[in-house]
Structures are given as C-alpha cells and as structure tokens.
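Enquirer: Following is a predicted model, sequence given first.
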Amino acid sequence: MPTIEGRKSKDIGLGSLSFALCLIGILFTFQFGDKPCIGDNILNTIGLSAWSNGGSGIHYTMFYSAIFFIPSFIIGHIHPDDRGAKAGQLISGFLSILIVSVLLTIIIDFF
C-alpha cells in the first residue's frame, strides 16, 4: 500500500485532555434512555438540586457542565496539534454556545 509522504501522526498530549473533558461534560449532561443523567446523580449526592422545581423546570446540570466544556475549549485552543484536541475544542465550543444561548433565553423570558 502506498503511504502518504509528509503526513505527521498526532501524539497524545495535554491537548488530548480537551476531548476527554468534552466527553465527561457530555456524560454529565445528557440523559441516555430512561435513566437520569450522571450529573443529576452527582449533584443529588453532594446535596445540590439538579432541577429548579424538584424534577422539572430548569435543568441546572446543563449549566454545571460548563465546568467541563470551557476548559475543554481552552485546552483544545492552546494545544491544537495533539490527538483529539481539535474535536474537543469544536464540540465543547458548540455546546458552550448552546448553553449560553439557553441561559440568555431563560433570562430574557424571565424579564
């Protein structure tokens, strides 16, 4: 098989943490099937409410996931040449913008 000359393989480095943090943020936030998301269980365990009205209302877990998405975006931006860094940066950037949009919508609807 012919090889592509000049193509450099990316190494696993600090930038790879970007993709890992992004995946943790996704697992923290999204519900899979009929089970509550992992973030809800973690928040309930440490005594924080995951929802504004018991089991309904504003889902706070989505906003807590920014703890993972924002560092993921920053690390991916600083170390873009590591394996998974660009994907982590793009996905976490998109999800961060989505979270900020939801937050702004909630604030605008409140007033």
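Expert: The structure has been received and is ready for your questions.
Enquirer: drop to CA atoms for contacts and neighbour counts, all remaining ones
Expert: Fine.
Enquirer: Who are the packing partners of the longest helix belonging to the chain?
Expert: When the chain is parsed with DSSP state H, its longest helix is helix 85-110. Judged by 3 or more CA pairs under 8 Å, 6 or more residues apart in numbering; DSSP states H and E, the packing partners of helix 85-110 are helix 16-29, helix 66-78.
Enquirer: so after the first one, what's the next helix or strand?
Expert: This means helix 16-29. Next helix or strand after helix 16-29 toward the C-terminus (DSSP states H and E): helix 38-45.
Enquirer: on contacts alone, who are the packing partners of that following helix?
Expert: Looks like helix 38-45 contacts helix 16-29, helix 60-64 (3+ CA pairs under 8 Å, 6+ apart).
Enquirer: and the last one, how far from the chain's centre?
Expert: Put plainly, it is helix 60-64. Relative to its chain's centre, helix 60-64 lies at 10 Å (CA atoms, centre = their mean, to the nearest Å).
Enquirer: What of stretch 29-40?
Expert: Taking CA atoms, centre = their mean, one finds the center of stretch 29-40 at 14 Å from the center of the full chain.
Enquirer: any weak-confidence spans in the chain?
Expert: Where the chain drops to pLDDT under 70, the residues are 1-9.
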